[in-house]
Each structure stands twice: as structure tokens, then as C-alpha cells.
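>>> Here is my input, please return the structure:
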Amino acid sequence: MKLVRFLKNDQPCYGLIEGEAVYAIEGYIFGKFRQAEKVATLTEVSLLGPCQPTKILGVGLNYRTHAAEVGQVVPPEPLLFFKPPSSVIGPLKPIVYPLLSQQVDYEGELAVVIGQRVRNVSPEKARDFVLGYTCGNDVTARDLQRQDDQWTRAKGSDTFCPLGPYIVTDLDPAHLAIRTWVNGEIRQSASTADMVFSVAELIAYISQVMTLEPGDVILTGTPAGVGPLQPGDVVEVEIEGIGTLRNPVVSQGTR
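As a prediction, this is how the structure comes out:
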């Protein structure tokens, strides 16, 4: 099942995708719902970020190849950081290059969307609380990350968390191909099988610390190949079984 969030009569709505058709839903996307009438085709709607998280948890250095390329060791436990909800944008929406930074990097990632409130769950039961998976881009101001002792400025700018295009519910996250492209050139190519900590392990670990709410997002880390973006670039994150998240990059003031 593919779930989307889109604008209808200037109001955000959830829907289901079948082929190129968008169907309304009746009910609660994080509870019981059913397919209703067809409302549009994909070319006729503006897709939003596929969920509205209360919080976004990022995971640093969760691929050994990425840890090696940045000269870091793999942490013994997941390395967590926050991105604010205000950083979320949807497909085709612009990533804004902030005036504060001279180096903004892409980081293609598998994103987990939580479907039910969860606290203190075991790894064995953790995936029961997942609604589905989508593509994410953990956009990072790398120069600010190097300057600061913590990563709030580097990770938290508006537009620094593109998500989409869909939430796919019936997907095994363990062995998915993940690729990132910039201006049509491939920059990252890996498999989620290379993650140090699995999706289930991440959910269980995070839920020991805080309650995860429906719609919350976990960015599961990026593989090797991260690099800079410039205004005028187009960055695409492609994940097997989900699709492609595409966003242009613009200078601040041209959004």
C-alpha cells in the first residue's frame, strides 16, 4: 500500500495511490481507514511531506562505509540527534541553501514512519509499531556541524528534511537498494543491509528514552558518498520498493 499526503482545495489530505490514481481515505491514517472515491491523478495534485511528525530522530554513523569516509569509528550504540518538524518538506519542494553555511551536503536515507504510540518496546516487537517507510534526505550544513559541539544548526534548518514521495506499508526494510543522484549523476549506492543497527534495533533503543508518536520519523543513517550541494542542483534519493524523492536546491531568498 502506498500512502500520500496532498493538497485538496488548499487543505492537506491523506490518500492512497493505485497506479497513477489518487484515492481519498475514510478514517484515521494511523488507525482504521478504508479507500474512498478517486479524487485525482498524481499529476493533478501537489504532494506534501507524507506525514507530520512531532519529532524526527536522526541516526549518525549507522553505515560503516560512511563512518570510514568521515574518519570516525562506529559507535557502540546508536548516535541520535533531532531534526525539528519545521525542517520537513515534500517532493519537488526546494531545499533552501542558508546564508549561514558555505557547505550543504545531501545524505540519502531510509526513513521509518511510526504508526502507533510506542514506549519501551523490544526489538522483536518493534516493527509492529511501524506504519511504513519512505525516502529521506538528512540535509546537513557540514561547516556548521564542524564548528558546533552539537548538531542543531547543522541539521535543523528549514527545508533540511525532505521526505517522500510515499509511505509504503508492506515493505521489508532489511535489504533495500538505496541510491542518491545529483544532477543525474549517482553519488551514493548501497543496501540497507549494510546498516550497523537495524530498524527494529533503532526503534527499541529510541523507545527506551522517549515515547514515539504516530507520524514520528526515524532517519536510519546514510551510506558512503555524501557530498556538497549547490544552488541550482537537483538531488534525488531513490529507494527500492518506494520510489524517488526529488528536490531542487535554491539560494536563500529565492524560495
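>>> and Val118, how many neighbours?
Counted with other Cβ atoms under 10 Å, the burial measure for Val118 works out to 22 neighbours. Every residue, glycine included, has its C-beta placed from N, CA and C.
>>> give me every residue that touches it.
126, 129, 203, 207, 211-212 (Cβ atoms under 8 Å, 6 or more residues apart in numbering).
>>> Which of the residues you listed are buried, as a PyMOL select command?
Remark: buried members of these, expressed as a PyMOL selection using 16 or more other Cβ atoms under 10 Å:
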select buried, resi 126+129+203+207+212
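>>> Specify which member of the contacts of Val118 is nearest to Leu92.
Nearest to Leu92 out of those is Leu212 (Cβ to Cβ; 28.1 Å).
>>> if I look at the closest one, how far off is Tyr133?
15 Å (Cβ to Cβ, to the nearest Å).
>>> Could you give the average pLDDT over stretch 142-149?
Confidence for stretch 142-149, expressed as mean pLDDT, is 95.
>>> tell me which element the residue lying closest to Glu26 once chain neighbours are set aside is part of?
If the residues on either side of it in the chain are set aside, Glu26 comes closest to Ala36, at 4.8 Å by Cβ to Cβ, 6 or more residues apart in numbering. Ala36 is part of strand 33-41 when elements are defined by DSSP states H and E.
>>> Pull the residues that contact that strand.
Counting contacts by Cβ under 8 Å, 6+ apart, the residues outside strand 33-41 that touch it are 6, 8, 13-16, 20-27, 45.
>>> Could you single out the nearest of the contacts of Val118 to Asp172?
Scanning the contacts of Val118 for proximity to Asp172, where the rule is Cβ to Cβ, the winner is Ala126, at 13.7 Å.
>>> can you confirm the closest one is in a helix?
Yes: with DSSP: H, G, I helix; E, B strand; the rest coil as the criterion, Ala126 is located in a helix.
>>> Quick one: residues contacting it.
118, 199-201, 203-204, 207.
>>> Also Lys55?
Taking Cβ under 8 Å, 6+ apart as the criterion, Lys55 is in contact with 82, 85, 210, 213, 216-217.
>>> By neighbour count, which of the residues you listed wins?
Among those, where neighbours are counted by other Cβ under 10 Å, the top count belongs to Val217, at 27 neighbours.
>>> which residues touch it?
If you count contacts by Cβ under 8 Å, 6+ apart, Val217 has them with 51, 53, 55-57, 111-114, 136, 161, 163.
>>> looking at it, Phe6 is touching Leu47, isn't it?
Yes: here Phe6 lies in contact with Leu47, judged by Cβ atoms under 8 Å, at a distance of 5.4 Å.
>>> Quick check: neighbours shared by the two?
Taking Cβ under 8 Å, 6+ apart as the contact criterion, Phe6 and Leu47 have no common neighbours.
>>> TSV for the contacts of Val217, including secondary structure, pLDDT and distance to Thr244?
Conversion of the contacts of Val217 to TSV gives the following (DSSP: H, G, I helix; E, B strand; the rest coil; pLDDT from 0 to 100; distance: Cβ to Cβ, whole Å):
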residue	secondary structure	pLDDT	distance to Thr244
Cys51	coil	97	18
Pro53	coil	98	21
Lys55	coil	98	26
Ile56	strand	98	20
Leu57	strand	98	23
Ala111	strand	99	14
Val112	strand	98	18
Val113	strand	98	17
Ile114	strand	98	23
Gly136	strand	98	12
Cys161	strand	98	17
Leu163	strand	98	13
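>>> Thank you kindly, that will do.
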